[in-house]
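Peer 1: Dropping the sequence and predicted coords here.
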Amino acid sequence: MNIYGWIFIVASWSVIIGLTAFCFYKVFTEKDEEI
Amino acid sequence: MSAQKKESWGSKIGIILAVAGSAVGLGNFLRFPVQAASNGGGAFMIPYFISLFLVGIPLMWIEWSIGRYGGIFGHTTAPGMFQKLWKTRLSKYFGVIGIFGPLVIFIYYVYVESWLLGYSFYSLTGVLSSIHDTGSMSKFLSGYQGLEINQFFSGLGSAYAFFVVTFALNVWIIYKGVEGGIEKLCKIALPTLLIFAVIIMVRVFTLGAPNPAYPDWNIANGFGFLWNPDFSALLSARTWLAAAGQIFFTLSVGIGVILTYASYLNKGDDIALSGLSAASTNELAEVVLGGSIVIPLAFAFFGPVGIKAIAGSGAFDLGLVTMPLIFSQISLGALFSFLWFFLLFLAGITSSVSLIEPAVAFVKDDFKMGRKKSVTLVSIFTFVLCQPAIFFLGHGVVNELDFWGGTFCLVLFGTIEAVLFTWAFGIDKAWEEMHRGAQLTIPSFYKWIIKYITPTFLIIILISWFFQEGIPTVLMEGVAPANIPYILLTRAGLVMLFVALALLVRHALKKKIPEAQQ
């Protein structure tokens, strides 16, 4: 894999893992979890 | 409002996992890596992310909003919801697509899903790991599907038995209801399949170069095959359409299932954060896990020339021929083969229960029947409809159902609901609806994106898709003459099903909504 491949995989994974972590952090820290 | 007690989700995480479970399917693990590798590798991710943020996530919010809004008025399927958004007699008939589409997909999807259960069984019993060449593995698949009689299978018996088990499992889950069936399933199945995928991914990372004679055939170069960017692909409209199409299909938007799932929410429940969470979970399964298994593995075992042929052979061959062949060549292959097929089966069943739910909800809520009676009726009906997909697979029936239910209806329905919600219902009311109870503030520029960019983007996809794929398929280009009668009969059956559903919708809503409000 060349340097550009590494840049794309790291950037893509970072966006997705970061977004997922942010969402679930908010979901689990909200008080009224039960609907 | 319905006189019956409204069903609801037990928890916020329950509906997030249910919607994510509906979205995570075979496409995440098989379609995405092939699309990315064939359309510019890492460069594919530029139009992919642009499409995710301009079409995928906005459409997700739109569907959640329409569903919750409709649910307030006792509507659990698209026809009644659309009539609330756009008060004309015509709108409910657009909504019929939201019951018809998922029902058509379910008819063949549940059969494909049963193959994965069958292959999980044959992995555990060691049958698959005893096959070591592509020709024999292809014959195993053809024999299993009843396309030929060979040394592995003498007929459709095994496939049919696994189909019955899979169908019964789906019925049982739907029978148990929203909280006791669908939510419980997704809370177990989705984390399990993600864990299985991580285990396989770790095994992939530690494989190195499995064939010492070809040290360049290694996992790092396999990732390179998928991720090294070809920037010239960005100049091709085909790449942008492929990326937008992948986002559209992977998120399960445009089907109608999210409308039904969101209708079980209450008026003040959050949808902004929940919708984004479901979308991001699907992306995690697709880009991080789906992109780390099939292509790197196939590259390491078949090399740079073999991988190109494999990538062009289609998702089923990749998943059901190439993957078991690879697993038969590694230590503990039977176990990894089981993990692979069972994770795909779990991805399948969380999607299939969502596909049948709109039809059940329609019968249950619009004809005032109980869930058990509705499930029984819909199950008998769909079981009969599944039979042509099983017995005429070799005549192109499944491909035809997939074209109309799994592609045409999706793109058309997605476009219709985006236009209805933002233009007929009105962007100001739509924006207010999206923010009621929101635990996440949607950036204000999204109001502009949702009003102008998302519908425009969808209309472009619809028109481009129609000319690229729609016309050749409608004209049956490339269809063997012997299969034409089967294709025409399938189309006639689909037209009858749509008309029957439209008449049922007309009858049900006439009783449910007073004439003056129609």
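Peer 2: Done, it's in.

Peer 1: Was I right to think residue B:209 contacts residue B:215?
Peer 2: Yes. Residue B:209 is within contact range of residue B:215, at 4.9 Å (criterion: Cβ atoms under 8 Å). The C-beta positions use only the backbone N, C-alpha and C, and glycine is treated the same way.

Peer 1: Neighbour count: these two, which is higher?
Peer 2: residue B:209 (16 against 10; other Cβ atoms under 10 Å in any protein chain shown).

Peer 1: Assign a three-state SS to the more buried one, would you?
Peer 2: coil (DSSP: H, G, I helix; E, B strand; the rest coil).

Peer 1: Please list all residues in contact with the nearest residue to it once chain neighbours are set aside.
Peer 2: Nearest non-adjacent residue to residue B:209, counting by Cβ to Cβ, 6 or more residues apart in numbering or on different chains: residue B:218, 3.8 Å away. By Cβ atoms under 8 Å, 6 or more residues apart in numbering or on different chains, the residues touching residue B:218 are B:207-209, B:300.

Peer 1: go on, residue B:98?
Peer 2: So residue B:98 contacts B:77-79, B:82, B:255-256, B:259, B:358, B:413 (Cβ under 8 Å, 6+ apart).

Peer 1: gap between the residue nearest to residue B:205 when sequence neighbours are not counted and residue B:243?
Peer 2: Setting aside the residues directly before and after it, residue B:205 is nearest to residue B:219 in space (Cβ to Cβ, 6+ apart), at 6.6 Å. Residue B:219 sits 25 Å away from residue B:243, going by Cβ to Cβ, to the nearest Å.

Peer 1: Residue 20 - how many residues pack around it?
Peer 2: This is for chain A. The burial count for residue A:20: 20, using other Cβ under 10 Å.

Peer 1: think we crossed wires, I meant chain B
Peer 2: 25.

Peer 1: Could you identify the helix or strand that succeeds the one helix or strand residue B:122 maps to?
Peer 2: Element membership of residue B:122, judged by DSSP states H and E, is helix B:97-124. Of the helices and strands lying after helix B:97-124 in sequence (DSSP H and E), the nearest is helix B:134-144.

Peer 1: tell me which residues in the helix or strand just after that following helix are buried?
Peer 2: Sequence order places helix B:157-175 as the next helix or strand after helix B:134-144, per DSSP H and E. For helix B:157-175, the neighbour count (16 or more other Cβ atoms under 10 Å in any protein chain shown) marks B:158-160, B:162-163, B:166-167, B:169-171, B:173-175 as buried.

Peer 1: Equivalent analysis for stretch A:20-31, please.
Peer 2: Buried, per 16+ other Cβ under 10 Å, within stretch A:20-31: A:20, A:23-24, A:27.

Peer 1: coming back round to it: which among the contacts of residue B:98 gets closest to chain A?
Peer 2: Using Cβ to the nearest Cβ, residue B:259 comes nearest to chain A of these, at 17.5 Å.

Peer 1: circling back to that earlier point, can you pick the most crowded of the contacts of residue B:218?
Peer 2: residue B:300 (26 neighbours).

Peer 1: Give me the distance from the helix or strand harbouring it to the chain's centre.
Peer 2: Per DSSP H and E: residue B:300 is located in helix B:294-311. Helix B:294-311 sits 25 Å away from the centroid of its parent chain (Cα atoms, centre = their mean, to the nearest Å).

Peer 1: so what does it touch, helix or strand wise?
Peer 2: helix B:32-38, helix B:219-227, helix B:323-327 (3 or more Cβ pairs under 8 Å, 6 or more residues apart in numbering or on different chains; DSSP states H and E).

Peer 1: and those helices as a markdown table, adding mean neighbour count, mean pLDDT and distance to residue B:336?
Peer 2: Below are the helices and strands packed on helix B:294-311 laid out as a markdown table (neighbours: other Cβ atoms under 10 Å in any protein chain shown; pLDDT from 0 to 100; distance: least, Cβ to Cβ, whole Å):
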| stretch | mean neighbour count | mean pLDDT | distance to residue B:336 |
| --- | --- | --- | --- |
| helix B:32-38 | 23 | 84 | 17 |
| helix B:219-227 | 23 | 90 | 15 |
| helix B:323-327 | 24 | 94 | 5 |
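
Peer 1: How about the contacts made by residue B:264?
Peer 2: B:6-9, B:15, B:71, B:76, B:178.

Peer 1: And for residue B:361?
Peer 2: B:76-77, B:260, B:263, B:374.

Peer 1: on that earlier part again, closest one to chain A out of the contacts of residue B:264, please.
Peer 2: When the contacts of residue B:264 are compared against chain A (criterion: Cβ to the nearest Cβ), the nearest one is residue B:9, at 5.4 Å.

Peer 1: Could you find the closest non-adjacent residue to that closest one?
Peer 2: residue B:15 (4.4 Å).

Peer 1: In a markdown table: the contacts of residue B:218, plus distance to residue B:44.
Peer 2: Formatted as a markdown table, the contacts of residue B:218 follow (distance: Cβ to Cβ, whole Å):
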| residue | distance to residue B:44 |
| --- | --- |
| B:207 | 24 |
| B:208 | 26 |
| B:209 | 26 |
| B:300 | 21 |
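
Peer 1: Which positions in the stretch 201-350 of chain B make contact with chain A?
Peer 2: Listed as neighbours of chain A in the stretch 201-350 of chain B under the rule Cβ under 8 Å from any Cβ of the partner chain: B:220-221, B:223-224, B:227-229, B:265-266, B:269-270, B:273-274, B:276-277, B:280-281, B:283-284, B:287-288.

Peer 1: And the pLDDT for residue B:309?
Peer 2: Looking at residue B:309, its pLDDT reads 81.

Peer 1: Can you list the buried residues in stretch B:13-30?
Peer 2: B:13-30.

Peer 1: Contact partners for residue B:31?
Peer 2: B:246, B:249-250, B:315.

Peer 1: follow-up on the earlier one: and the contacts of residue B:264, which of them are buried?
Peer 2: By 16+ other Cβ under 10 Å, the contacts of residue B:264 give B:6-9, B:15, B:71, B:76, B:178 as buried.

Peer 1: nearest to residue B:385, of those?
Peer 2: Nearest to residue B:385 among the buried ones among the contacts of residue B:264, counting by Cβ to Cβ, is residue B:76 at 21.4 Å.

Peer 1: Tell me the spatial nearest neighbour of residue B:62, not counting adjacent residues.
Peer 2: residue B:421 (5.0 Å).

Peer 1: hey, where'd the helices end up in chain A?
Peer 2: According to DSSP state H, chain A carries its helices in the segments A:3-29.

Peer 1: near chain B, which residues of it?
Peer 2: So chain A meets chain B at A:1-2, A:4-9, A:11-13, A:15-17, A:19-20, A:23-24, A:26-28, A:30, A:33-35 (Cβ under 8 Å from any Cβ).

Peer 1: which residues does the residue of the stretch 151-300 of chain B found nearest chain A contact?
Peer 2: The stretch 151-300 of chain B approaches chain A most closely through residue B:224 (3.3 Å), counting by Cβ to the nearest Cβ. Taking Cβ under 8 Å, 6+ apart, we find residue B:224 in contact with A:1-2, A:5.
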